[in-house]
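Colleague: just the structure for this:
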Amino acid sequence: MSLHDPEIVQVEYASEAGLLARRAAYVRGTGPNAPAMAFDAVAEVAPRRYLEVGCGPGELAAQVGRELGAEVVALDSSPRMVELARGRGADARLGDVQDLPFEDESFDCAAAAWMLYHVPDVPRALAELARVLRPGGRLVAVTNYTSHLHELRELLGLPPRLETTFTGEDAEGLLRGHFATVEARDAGGDVTFPDRDAALAYVRASGVLFEGRDDLPELDGPLRVTRSPVVFVATK
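Modeller: Sure, this is the predicted structure:
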């Protein structure tokens, strides 16, 4: 199983159920608020035209349009995510970040939040994002370090580090291939599952992340695990 297998990604995001269940767990988290940090990184450049790829249900895209007054275009490969983003008022379209249907230098800022590790050809996707950004334009790309949730993976009998593309460890090098400057803003902390049932619900909502595992050993009490997001700010 692979996070960047297109068929698996389509199944994972055919519905919002798994995504919303995963997000609910982070209410019990500590540390910086990574989604808020991503919005702040966009707001810093006050974009007139903003592109979001892998927009999901469209919360960030809608916030950028509402609070920053930007012209927003949101793209996702999932028809359901496009439908939800449109419901929030975003100009949301089906599309592929590896082949963006936009002219060169047509956006001031773009965002790719927790989605580039789902892309089969990350260098191609980054080249496309750089192409559609104006000179001096900004890409805000959010991902996780491979230590993300490693305690939970170990309990499931999996290697502690997830093998995938565009992790916190390799993202800067990939970005520097297409952008003049790259800054990493750490958003690490932890999240606590109050009991085994809560942890198991997260595992079952995560599908490929835990390789389809569907069981956990009994726990003595709450389970605290590492969360390790990072916000990359890249300038063309």
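Colleague: in PDB, list the C-alpha atoms belonging to the helix or strand encompassing A25.
Modeller: Per DSSP states H and E, A25 falls inside helix 17-25. Taking C-alpha atoms only, helix 17-25 is exported to PDB below (Å, rounded to 0.1, in the frame of the first residue of the first chain):
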ATOM      1  CA  ALA A  17     -15.700  10.500   6.700                       C
ATOM      2  CA  GLY A  18     -12.100   9.400   7.200                       C
ATOM      3  CA  LEU A  19     -10.700  12.900   6.900                       C
ATOM      4  CA  LEU A  20     -13.100  14.300   9.400                       C
ATOM      5  CA  ALA A  21     -12.500  11.500  11.900                       C
ATOM      6  CA  ARG A  22      -8.700  12.000  11.700                       C
ATOM      7  CA  ARG A  23      -9.100  15.700  12.200                       C
ATOM      8  CA  ALA A  24     -11.300  15.300  15.200                       C
ATOM      9  CA  ALA A  25      -8.400  13.600  17.100                       C
END
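Colleague: strands paired with whatever helix or strand comes next after that helix, and their directions?
Modeller: Downstream of helix 17-25, the next assigned helix or strand under DSSP H and E is strand 29-30. The strands beside strand 29-30 in its sheet (DSSP bridges) come out as strand 189-193 (antiparallel).
Colleague: flag every buried residue along whichever helix or strand comes after the strand it pairs with.
Modeller: Remark: after strand 189-193, the chain's next helix or strand is helix 196-206, criterion DSSP H and E. Buried positions in helix 196-206, judged by neighbour count with 16 or more other C-beta atoms under 10 Å: 196, 198-206. (C-beta placed from N, C-alpha, C; glycine too.)
Colleague: among those, show me the least confident.
Modeller: Lowest pLDDT among those: S206, with 83.
Colleague: tell me the one among the buried residues of helix 196-206 nearest to L139.
Modeller: S206 (26.2 Å; C-beta to C-beta).
Colleague: from memory that closest one sits against A25, does it?
Modeller: No - look at S206 against A25 with C-beta atoms under 8 Å: they stay out of range, at 9.7 Å.
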